[in-house]
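Q: need the 3D shape of this:
(one chain, ligands or ions: 2)
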Amino acid sequence: MTMIKKITWKSFLPGCYKAQTTPLEPKKRDTKHSSFHRLSLSDLSNPGSPLSISANDLSNSLVGSNLHIFTLTELKTITQNFSSSNFIGEGGFGPVHKGFIDDKMRPGLKAQPVAVKLLDLDGFQGHREWLAEVIFLGQLRHPHLVKLIGYCCEDENRLLVYEYMPRGSLENHLFRKYGAALPWAARMKIALGAAKGLTFLHETEKPVIYRDFKTSNILLDADHTAKLSDFGLAKDGPEGDETHVSTRVMGTHGYAAPEYVMTGHLTSMSDVYSFGVVLLELLTGRRSMDKNRPNREQNLVEWARHQLNDSRKLGRIMDPRLEGQYSTKAAQKAAALAYQCLSHHPKSRPTMSTVVKTLEPLQNFDDIPIGPFVYMVPVEPEKTEPKKEKEQNPQRQRQGHRHRIRSPRSRTVYTETNLRNNLRSSLNPQKEKENQEKEGKI
Ligand SMILES: Nc1ncnc2c1ncn2[C@@H]1O[C@H](COP(=O)(O)OP(=O)(O)O)[C@@H](O)[C@H]1O
Ligand SMILES: [Mg+2]
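A: Numbering: from 1, shown residues only. Ligands and ions are numbered 1, 2, ... in the order given. From the prediction side, this is the model:
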């Protein structure tokens, strides 16, 4: 892991002014320093600390991270002006386009495909989340975290440049309507890889809580190596004697741990719960929340929880698209693990390193039935059609307002109130119906 010298945010100047026209060289890590401390995002909460910082100050503070600073013009060039044909995905904060860096662009930067994420910057949160990604991913390096290559902070523009992940997100693979189902072995490999990524975050010298673990934030390499991306909501873990971090409740409905939604108390066990939800999605092939299903099946955890520990019932909830091509023994163990991760009591959940230890032996089981031969076409990630206005120049996109309520399905990040209301109704649907009737909502 790369760690940087501790600095305070008080030294930063407000505003990202016009970036240098001459691209900056990445700063090389001073390997002679015996003790580096990771720059922490929690420094931002110091009273009076500005959230906006200059491109220069940011680059100085991230000495050692090897991040490249790009100009907007360069990023427009490599993405063909953010053309719709290069569009590869979108979360709540802006579109992601594929680009290609050639070896002439910068000394020390090899020719490679990249993913360029453009943040909508109308809201305060957009900048904060952009900064969180730069601070965390710029300093943390691990085989199961996506590599941040650089960023652009020019005028109001905020962009991030990542290594390109050829298979795109787990969400696209697991839930795509067409093409072969994601095979069992790949599912177990992805679960293990993502678990290793979370373990690293929880056990690093200054632990990090990821806070937004879900299928759209897990990216896949050509060989199904899973890497966590999107550190926009990541938080530094509790320090000293603290047992939790108190935060505004942010996350995605269907993945956020119930105690976190109710109290705002965030611990690494909140990530373990979200991991349990993703593991359940891998087993069942169902989305954590699916409004298109019958009422009692819409919330995956509520629907599946009681069948996870019963080996006879497990077969009923396994993904039918697997067509039985999975190891029953491994599925039972994985289901039991998901059950533990989804415990209502955070202390009863396993740590992520225990999750890794449990998943490791599930990688190779010989009780997978021999099925029909299925040829898996090596795929480019499915291209989702961008919204019309997103095809245009990024300048135009910032004219709208940024909302915490994101686009539908699992990409939705809910505000505190939304998450709580949704949790209440899933825990007690009858009571909620009565309340809503009283309030004249239905
Ligand atoms: N490095 C990458 N390689 C390939 N696809 C990516 C990459 N980064 C993001 N994507 C695609 O874009 C989507 C949104 O990216 P994400 O970082 O989660 O954005 P947001 O912060 O808006 O949620 C992902 O779900 C994935 O489909
Ligand atoms: Mg995302």
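Q: count of neighbours near the closest residue to ligand 2 within the stretch 1-150 of the chain?
A: Closest approach between the stretch 1-150 of the chain and ligand 2, counting by CB to the ion: residue 91, at 3.3 Å. For the C-beta atoms, the positions are set from N, CA and C on the backbone; glycine is no exception. Residue 91 has 22 neighbours, counted by other CB atoms under 10 Å.
Q: quick one: pLDDT of it?
A: Confidence at residue 91, expressed as pLDDT, is 85.
Q: so it touches residue 216, yeah?
A: Yes - using CB atoms under 8 Å, residue 91 makes contact with residue 216 at a distance of 6.4 Å.
Q: OK, contacts around residue 267?
A: 209, 237, 238, 243, 244, 245, 260, 346 (CB atoms under 8 Å, 6 or more residues apart in numbering).
Q: kindly recompute the last result at 7 Å.
A: Each residue near residue 267 by CB atoms under 7 Å, 6 or more residues apart in numbering is listed here: 243, 244, 346.
Q: ramachandran coordinates for it?
A: phi -140, psi 170 (degrees, to the nearest 10).
Q: pLDDT score for it?
A: Note for residue 267: predicted pLDDT of 97.
Q: ok, now residue 259?
A: 96.
Q: cool, and the one 3 residues further on?
A: Here the pLDDT value assigned to residue 262 is 94.
Q: what about it, helix or strand, and which?
A: helix 258-263 (DSSP states H and E).
Q: so which elements touch that helix?
A: When contacts are defined as 3 or more CB pairs under 7 Å, 6 or more residues apart in numbering; DSSP states H and E, helix 258-263 packs onto helix 416-427.
Q: and the helix it packs on, average pLDDT?
A: 54.
Q: still on that earlier bit, can you pull the phi/psi pair for the residue of the stretch 1-150 of the chain closest to ligand 2?
A: phi -110, psi -150.
Q: so it sits against residue 215, correct?
A: No - with contact defined as CB atoms under 7 Å, residue 91 does not reach residue 215; the gap is 11.7 Å.
Q: restricted to helices, list the contacts of residue 267.
A: Residues of these located in helices (DSSP state H): none.
Q: take those residues and keep only those in strands.
A: Among the contacts of residue 267, DSSP state E puts none in strands.
Q: let's have these in JSON lines, adding neighbour count and distance to residue 367.
A: Output for the contacts of residue 267, formatted as JSON lines (neighbours: other CB atoms under 10 Å; distance: CB to CB, whole Å):
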{"residue": "243", "neighbour count": "7", "distance to residue 367": "42"}
{"residue": "244", "neighbour count": "19", "distance to residue 367": "41"}
{"residue": "346", "neighbour count": "18", "distance to residue 367": "34"}
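Q: identify each buried residue in the longest helix seen in the chain, please.
A: The longest helix of the chain (DSSP H) is helix 184-203. Residues of helix 184-203 classed as buried: 184-202 (neighbour count, 16 or more other CB atoms under 10 Å).
Q: could you pull up phi and psi at residue 154?
A: phi -130, psi 120.
Q: go on, residue 102?
A: Main-chain dihedrals, residue 102, degrees, to the nearest 10: phi -100, psi 170.
Q: what's the answer for residue 342, then?
A: The phi/psi pair for residue 342 (degrees, to the nearest 10) is phi -90, psi 10.
Q: let me see the contact set for it.
A: Taking CB under 7 Å, 6+ apart as the test, what residue 342 contacts is 273, 276, 301, 305.
Q: thanks again, I'm all set now.
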